[in-house]
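In: Build me a structure from this.
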Amino acid sequence: MTDLFEASGIHPPDAPLADRLRPQTLEEVVGQDHLLGEGGPIRRMIEAGRLGSMILWGPPGTGKTTIARLLAQAAGYQFQQISAVFSGVADLKKAFEAARMRRAAGQSTLLFVDEIHRFNRAQQDGFLPFVEEGVVTLVGATTENPSFELNGALLSRSQVYVLKRLDDAALDQLLARAEGHEARTLPLTPEARHALLALADGDGRYLLTMSEVLFNLPEAEPLDVQGLAGILQKRAPAYDKSREEHYNLISALHKSVRGSDPDAALYWLARMLNGGEDPLYLARRIVRMAVEDIGQADPLSILVANAAKDTYDFLGSPEGELALAQAVVHLATAPKSVAVYEGYKAARRAAHETGSLMPPPNIRNAPTKLLKELGYGKGYQYDPDVEDGFSGANYFPEGMERRTFYKPKGEGHEAKVKDRMERWAEMRARKQGGE
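Out: Numbering: from 1, shown residues only. You can find the predicted model right below:
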């Protein structure tokens, strides 16, 4: 019975509000004008009268299933839906066979595969011949990055379209439709209405589900923010520690620190902790930031980063998280230099190129009489005892010209280091020239 209602565009009166308000035309889809609006790629495809296979990538509740259904309707295709969560090889075979029979009768099929990333690589390969032969036009939906989760061969035969999370304007449109459908406004103060949009977190379906709860409340005074919170549970943020969102957020945190923006860095740190990220994973990344992006510009940063890790180990959550926040702020506000990082990489390349060259005799170890007779340690100068505390001796291997790997940038502590190294370079040239 449900299928008959859906086929006619009518939903049973006891259907969830989100289903009853499902758009009936592509023009009614909110928040995806970059794809469906005038000049959008999907709009142009419809106007051309021929659909191509595509992957719809976006957060939950942004309209992927609705768009696929309306695409089939607009192009005159038979809509067939399967879910990678509940379907197996037998279901796929049935779907392809049914599509082949329709094609023989002159009817095109749009095969919508929800959660397509959940099919394994072999199952994804099974789509290829049917897509290539035109048996089906494939529309896959995924919340995960297709570059990581889908076969390259399948991606090469499909266009990837990115759906945006719904902004407040789009969500407000949905609320207005819900209120029009119910012929009354939501029982919320303006502040609580704004809080409801924030709770939805860009998910239109979730917004309508929450709205239905509010519409079903007994008639009463409008709820304020506190009253709304008492009825609706706070939604856990969309965050999967093993998926792309994890890497996007840690990248945002690292780049905010590198870009000297403590406010943005604190925000991304909070986002990850709120999402359930392992604080010790964050502590390790903070230590990496200290050595990779700050280095000698502020040598204290590595101590602060390690202290934050030790403090979290000692205190645990939530108090230990404050130490991570302190370290993030320290690193974000510290001067930045990659001179040590770049110098080390250059030194490793040189070490690889030069192989096993020996140190010059004057700095070789001479623990035996024989080695001393061979000249090991001869002429070595103990720098703290020489004039100016600097001998200017050569410490590079014999047969290797001196190279400069570490080049201080002149930021923070490195400004003094740079001056000192420039003075040493002049002294080295003078002393070696005199020799």
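
In: Going by C-alpha atoms from here, please, whenever you check contacts or count neighbours.
Out: Fine.

In: Residue 248: neighbouring residues, count only.
Out: Look at residue 248: counted by other C-alpha atoms under 10 Å, it has 10 neighbours.

In: Which residues are in contact with it?
Out: Not one residue lies near residue 248 by C-alpha atoms under 8 Å, 6 or more residues apart in numbering.

In: Could you check how far it is from residue 271?
Out: Distance, residue 248 to residue 271, using C-alpha to C-alpha, to the nearest Å: 11 Å.

In: And the helix or strand hosting residue 80, how far out from the chain middle?
Out: Assigned by DSSP states H and E, residue 80 belongs to strand 78-83. Relative to its chain's centre, strand 78-83 lies at 30 Å (C-alpha atoms, centre = their mean, to the nearest Å).

In: Next: stretch 301-316.
Out: 25 Å.

In: tell me the mean pLDDT for it?
Out: For stretch 301-316, mean pLDDT is 94.

In: The stretch 201-350 of the chain: helices as residue ranges?
Out: Residue ranges of the helices in the stretch 201-350 of the chain, as given by DSSP state H, counting those that start in this stretch, are 204-215, 225-231, 244-258, 262-274, 279-289, 300-315, 319-333, 339-354.

In: Of those helices, which stretch is the most buried?
Out: The highest mean neighbour count among the helices of the stretch 201-350 of the chain, using mean count of other C-alpha atoms under 10 Å, belongs to helix 319-333: a mean of 21.

In: Check which helices and strands it sits against.
Out: Judged by 3 or more C-alpha pairs under 8 Å, 6 or more residues apart in numbering; DSSP states H and E, helix 319-333 is in contact with helix 244-258, helix 262-274, helix 279-289, helix 300-315.

In: Need the CA coordinates for the shortest one. CSV is fine.
Out: These are the backbone C-alpha positions of helix 279-289, laid out as CSV (Å, rounded to 0.1, in the frame of the first residue of the first chain):
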residue,chain,number,x,y,z
PRO,A,279,42.4,13.1,23.5
LEU,A,280,45.8,11.3,23.3
TYR,A,281,45.5,11.2,19.5
LEU,A,282,45.1,15.0,19.7
ALA,A,283,48.0,15.3,22.1
ARG,A,284,50.3,13.4,19.7
ARG,A,285,49.2,15.7,16.8
ILE,A,286,49.9,18.8,19.0
VAL,A,287,53.4,17.5,19.7
ARG,A,288,53.9,17.1,16.0
MET,A,289,52.8,20.7,15.4
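
In: Could you check the angle that helix makes with helix 262-274?
Out: With axes from the mean of the first three to the mean of the last three C-alpha atoms, to 10 degrees applied, the angle from helix 279-289 to helix 262-274 works out at 150 degrees.

In: Now do helix 279-289 against helix 244-258, angle only.
Out: Counting by the same axes, to 10 degrees, helix 279-289 lies at 40 degrees to helix 244-258.

In: Does anything pack onto helix 279-289? Which helices or strands?
Out: Under the contact criterion of 3+ C-alpha pairs under 8 Å, 6+ apart, helix 279-289 touches helix 244-258, helix 300-315, helix 319-333.
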